[in-house]
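S.K.: Fold the stuff below for me.
(one chain, ligands or ions: 3)
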Amino acid sequence: MKYNEQDIETIYNLPFTTLIYRAQETHHRHQDPSGIQTCALKSIKTGTCPEDCKYCPQSAHYDTAVGPEKLLDTESILEDARQALREGASRFCMGAAWTRIPRGDQFKSVLKTTTAVSEMGLEVCCTFGAMTKEQALELKEAGCTVYNHNLDTSRDYYKEIITTRTYDERLETLKNARAANLEICSGGILGMGESIHDRLEMLRELANMEPPPESVPINALVAVPGTPLEDQEFVDGIEFVRIIATARILMPKAMVRLSAGRNEMSEELQTLCFLAGANSIFLGDRLLTTENPEAEADRNLLEKLGLSLLDPERAREFHRQTSDSSSHAHLVSA
Ligand code: SAM
Ligand code: DTB
Ligand code: SF4
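M.R.: Ligands and ions are numbered 1, 2, ... in the order given. Predicted structure coming up:
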């Protein structure tokens, strides 16, 4: 079933109480309701990216405080992976400021790191820019489980944010990831000046993929000095929660990740996001280049809420129990 604009607007505009109720109903049917997936994030190659993404502190087009760093070697990345395991992360995400995955020694090194991290018992997620189907197959073979590649916003608004690559190129990479049997992690950023319609169009694009992404990261823009979006106001909290709830209802089986911007959110706003169906966070005091809450603060919050670290096997068990026929939202009217 494909969602149309009207279906999605109807869900988004439900009275807040009903929206959260529907999101919770979906969440309890398809997910372990008390489990929060914890992912660690590591920038393995930072800065001087040739793309002009207006939100990104790593773009070479803007003068930000992010200094360039060459690709890190396997051993130093493994130190972070060990710490991630100690802190209770179940997934280790590696990000690189590349337009596309390079060929040659750098890719070989990344493949070696991927294998070593997966052998530690962590799920590996990579986000390295565009990739071919062959590269996707090699990553999969090396032990990568998931590829992150965000649509970021609607097809229309994309052109306002990035001019050096196209929406279709993004979709092509996601197709290549799928063809190699990699899981897909794809979402976007709220608070870049886009309209609510743009946000819903992005969700429509994601929810209509066949199959939809297994993970949907929803980032709040972290307005970084030096980027063209440095003066953007932080996204409205209630609008943010409505998008999380809509994503949960549209993509019942996905992990909906409350991603960048948590450092700028109160505990109460994050809690509303969990109520709306978010069930994944980045754990550790750094995202790629910006700050994230301390792991200790996150553990305290989860404890206060009686939520626990999600066991990936338990999560898969919940997903297996729900039949395919119920994997699409029940459309509801107010
Ligand atoms: N270069 C690769 C790419 O663009 O796919 C991977 C790394 S890129 C930094 C990964 C994602 O981080 C982007 O797609 C974007 O959604 C998110 N991101 C980057 N800067 C951000 C910011 N200032 N605030 C929120 N999210 C951001
Ligand atoms: C995603 O959607 N958010 C993460 C991850 N995927 C790679 C990245 C957030 C980056 C925030 C800006 C920074 O720290 O540089
Ligand atoms: Fe480069 Fe990715 Fe940042 Fe765009 S979002 S500038 S592609 S690192």
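
S.K.: how about the helices in the stretch 101-250 of the chain?
M.R.: With DSSP state H, counting those that start in this stretch, the ranges of helices along the stretch 101-250 of the chain come out as 105-119, 133-142, 155-161, 167-179, 196-207, 237-250.

S.K.: Could you point out which of these sits nearest ligand 1?
M.R.: Ligand 1 lies closest, by Cβ to the nearest ligand atom, to one member of the helices of the stretch 101-250 of the chain: helix 167-179, at 8.0 Å. Where you see a C-beta, it was placed from the backbone N, CA and C, and this is true even at glycine.

S.K.: helices and strands around the closest one, which ones?
M.R.: The contact analysis (3 or more Cβ pairs under 8 Å, 6 or more residues apart in numbering; DSSP states H and E) places helix 167-179 against helix 133-142, strand 146-148, strand 183-185.

S.K.: Paired strands for the lengthiest strand in the chain, with orientation please.
M.R.: If you go by DSSP state E, the chain has its longest strand at strand 35-45. Applying DSSP bridges, strand 35-45 is found paired with strand 91-96 (parallel), strand 280-282 (parallel), strand 308-309 (parallel).

S.K.: Contact residues of the stretch 151-300 of the chain facing ligand 1?
M.R.: 152, 189, 219, 221-222, 224, 260, 288 (Cβ under 6 Å from any ligand atom).

S.K.: Next up, identify which helix or strand the nearest residue to residue 40 once chain neighbours are set aside is on.
M.R.: In space, and not counting its chain neighbours, residue 40 is closest to residue 84: 3.4 Å by Cβ to Cβ, 6 or more residues apart in numbering. Assigned by DSSP states H and E, residue 84 belongs to helix 74-87.

S.K.: got a list of contacts for that helix?
M.R.: For helix 74-87, contacts defined as Cβ atoms under 8 Å, 6 or more residues apart in numbering pick out 38, 40, 42, 44, 92, 94, 109, 112-113, 116-117, 120-122, 283-284, 295.

S.K.: repeat for stretch 297-305
M.R.: By Cβ under 8 Å, 6+ apart, stretch 297-305 touches 36, 38, 88, 267, 270-271, 274, 281, 283, 308-309.

S.K.: ditto for stretch 256-266
M.R.: By Cβ under 8 Å, 6+ apart, stretch 256-266 touches 37, 39, 185, 187, 189, 191, 215-222, 234-235, 237, 244, 247-248, 270, 273-274, 277-282, 287, 290-293.
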